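Chemist: Have a look; sequence and predicted model below, questions after that.
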Amino acid sequence: MTLQQLFEQWAGEPCNECLALGANGSNRRYYRLVGDTHRCIGAENDDVRENEAFFAYSRHFKARGIAVPELYAVSDCRTKYIQQDLGDQTLYGVLFEKKRQGGGFDSEMLSLYKQALSDLAGIQVAGRDLDFSVAYPCSDFDLQSILWDLNYFKYYFLKLAYIPFDENLLEQDFHRFADYLLQADCSYFLYRDFNPRNIMLSAVHNPQPTLYYIDYQGGRRGAAQYDVASILYSAKSDLPEAVRQELLRHYLSVSNVPDFMQYFWGYVLVRIMQTMGAYGYRGYYERKPYFLQSIPLAINNLRNIVENHPLPIHLPELERVWKRIADKQSIVVPEADSTGELTVTVSSFSYKKGLPDDPSGNGGGFIFDCRALPNPGRYPEYKTYTGKDRPVIEFLQREPAVDQFLSHAEGLVAQSVEKYMERNFTNLSVAFGCTGGQHRSVYCAEQLAQWLSRQYSCRVVVKHREQD
């Protein structure tokens with residue numbers, strides 16, 4: 001059975017569109033399926049055990065009022081399923097856009113993060129009575145799981161970054177560190193990857209947007225501290241330290257985890273080490289720019305914890321390793337391989353002034369005509385605004401035709417981006433045109449640029465020809 005057939009069986013109507021969504025770093029493949037009156041997200045994954053964990057967790061959390069996507073239908077072979085379409089906006093996307101426009105971590109972001117931490121406290125408790133026999137790949141964040149993460153850090157960061165260490169002494173410290181962490185109450189649901197990329201927002205322009213939670217199929221039983229560390233010390237989010245402390249106080253006010261702070265900084269360290277292992281593998285080994293750029297941010301997090309929050313146990317070799325990493329002189333972060341980095345230039349323009357040039361010499365790329373979309377420029381109250389201003393954004397977000405247009409554009413661009421990255425092409429241009437180059441084309445260019453930045457590790461450059 002295909003995803004389209006599964007959609008038609010569920011919706012009772014034909015599937016008019018099946019748009020491939022961007023890669024997410026896993027083997028799962030996602031699509032947006034659209035009919036006359038229904039739409040959903042379809043997924044294909046050959047790992048049935050991972051799927052079964054997702055199905056069980058989704059039903060469990062949904063029954064307990066947790067905001068997770070509704071599971072609509074599953075194929076008989078258990079490798080295909082369709083679920084609620086939550087849109088494309090993530091908490092990280094909102095934070096990234098504010099930073100890109102020169103803003104900081106404002107009151108809106110603080111409110112969203114507090115809501116996420118309040119919801120996390122509920123998720124951790126609601127998952128305590130899960131049937132963990134379906135957990136993937138294991139039921140508990142136990143000694144073996146912690147050692148997996150620590151060795152990931154050793155082999156994919158320490159060795160690839162040429163950090164010297166005594167392997168025997170480090171292994172002894174790894175075991176002491178793991179034993180210490182497991183003294184915490186490990187009876188909660190451990191989400192495993194609770195970060196702002198896995199938190200979806202609906203109607204972000206409303207006073208109180210709804211947060212939804214995805215990508216929890218790797219969850220298992222464990223300590224509550226781990227997930228709080230994951231979101232507060234996400235390297236790429238780079239939250240101000242004062243904000244982290246305020247958010248930590250908020251979590252403590254809405255949760256009731258015994259001896260939380262006694263073990264919290266240890267779990268922050270093990271989470272940072274796990275992510276540094278991932279950055280080392282994807283960055284040092286695979287030479288992917290996004291992960292290389294994240295390494296200095298992770299080092300800053302590590303330095304902050306080691307200098308300001310010493311652990312109550314003695315880990316002599318591990319402490320020496322942390323000190324060597326914290327010393328900037330001992331870390332060399334290689335530049336991204338420019339021959340393999342893709343730059344996507346997203347631009348807006350006015351058809352009245354001709355098509356845009358492509359200075360890369362690549363011969364151009366996509367040009368999307370926005371003139372069929374509803375035009376805010378026809379109304380006096382929008383005349384002085386552009387597609388980057390909130391009144392125009394809200395106008396266009398209310399129009400289903402605009403969302404459908406962007407979904408088509410994303411699907412087409414995704415195919416080229418993935419193929420270009422695979423073949424080490426360096427340039428792709430995507431242009432949106434409208435009558436004046438002020439409203440619709442600017443909005444669409446901004447939205448696609450944000451989407452590309454969330455989905456891929458390529459470099460994204462935005463240009464508004466008429467506005468600039």
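Modeler: Nice, I can see it. Keep in mind it's a predicted model, so treat the numbers as computed, not measured. Residues are numbered from 1 along each chain as shown.
Chemist: quick one, strands of this protein?
Modeler: 17-20, 29-34, 39-44, 71-74, 80-83, 188-190, 199-202, 210-213, 220-222, 343-350, 366-369, 427-434, 459-464 (DSSP state E).
Chemist: weakest of these in terms of mean pLDDT?
Modeler: Lowest mean pLDDT within the strands of the chain: strand 17-20, a mean of 84.
Chemist: in that strand, what's buried?
Modeler: Neighbour-count burial for strand 17-20 flags 19, 20 (criterion: 16 or more other Cβ atoms under 10 Å). All C-beta spots, glycine's among them, are computed from the backbone N, C-alpha and C.
Chemist: Dump it to CSV, keeping only the CA atoms.
Modeler: C-alpha atoms of strand 17-20 as CSV (Å, rounded to 0.1, in the frame of the first residue of the first chain):
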residue,chain,number,x,y,z
GLU,A,17,-0.8,16.2,-3.9
CYS,A,18,2.1,14.3,-2.4
LEU,A,19,4.9,16.8,-1.6
ALA,A,20,8.3,15.5,-0.3
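Chemist: and it, what other elements does it pack with?
Modeler: Using 3 or more Cβ pairs under 8 Å, 6 or more residues apart in numbering; DSSP states H and E, the elements in contact with strand 17-20 are strand 29-34, helix 400-422.
Chemist: Who are the packing partners of the last one?
Modeler: Contact here means 3+ Cβ pairs under 8 Å, 6+ apart; on that basis helix 400-422 packs against strand 17-20, strand 29-34, strand 366-369, strand 427-434, helix 440-455.
Chemist: how about 7 Å then?
Modeler: Contacts defined by 3 or more Cβ pairs under 7 Å, 6 or more residues apart in numbering; DSSP states H and E place helix 400-422 against strand 17-20, strand 366-369, strand 427-434, helix 440-455.
Chemist: so what secondary structure elements neighbour the third one?
Modeler: For strand 427-434, the helices and strands in contact under the criterion 3+ Cβ pairs under 7 Å, 6+ apart are strand 343-350, strand 366-369, helix 400-422, helix 440-455.
Chemist: got the CA coordinates for the shortest one in CSV?
Modeler: Written as CSV, here are the backbone C-alpha positions of strand 366-369 (Å, rounded to 0.1, in the frame of the first residue of the first chain):
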residue,chain,number,x,y,z
PHE,A,366,13.8,28.5,-9.8
ILE,A,367,11.6,31.5,-10.5
PHE,A,368,8.2,31.4,-8.9
ASP,A,369,5.4,33.8,-10.0
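Chemist: other SSEs contacting it?
Modeler: Partner elements for strand 366-369 (3+ Cβ pairs under 7 Å, 6+ apart): helix 400-422, strand 427-434.
Chemist: nearest residue to the one residue sitting closest to the centre of the chain other than its sequence neighbours?
Modeler: By Cα atoms, centre = their mean, the chain has its centre lying nearest to residue 197, at 2.3 Å. Using Cβ to Cβ, 6 or more residues apart in numbering and skipping the chain neighbours, the partner closest in space to residue 197 is residue 92 (4.6 Å).
Chemist: Distance check, the one you found against residue 200.
Modeler: 10 Å (Cβ to Cβ, to the nearest Å).
Chemist: who has more neighbours, those two?
Modeler: Taking neighbours as other Cβ atoms under 10 Å, residue 92 and residue 200 compare with residue 200 leading, 24 against 18.
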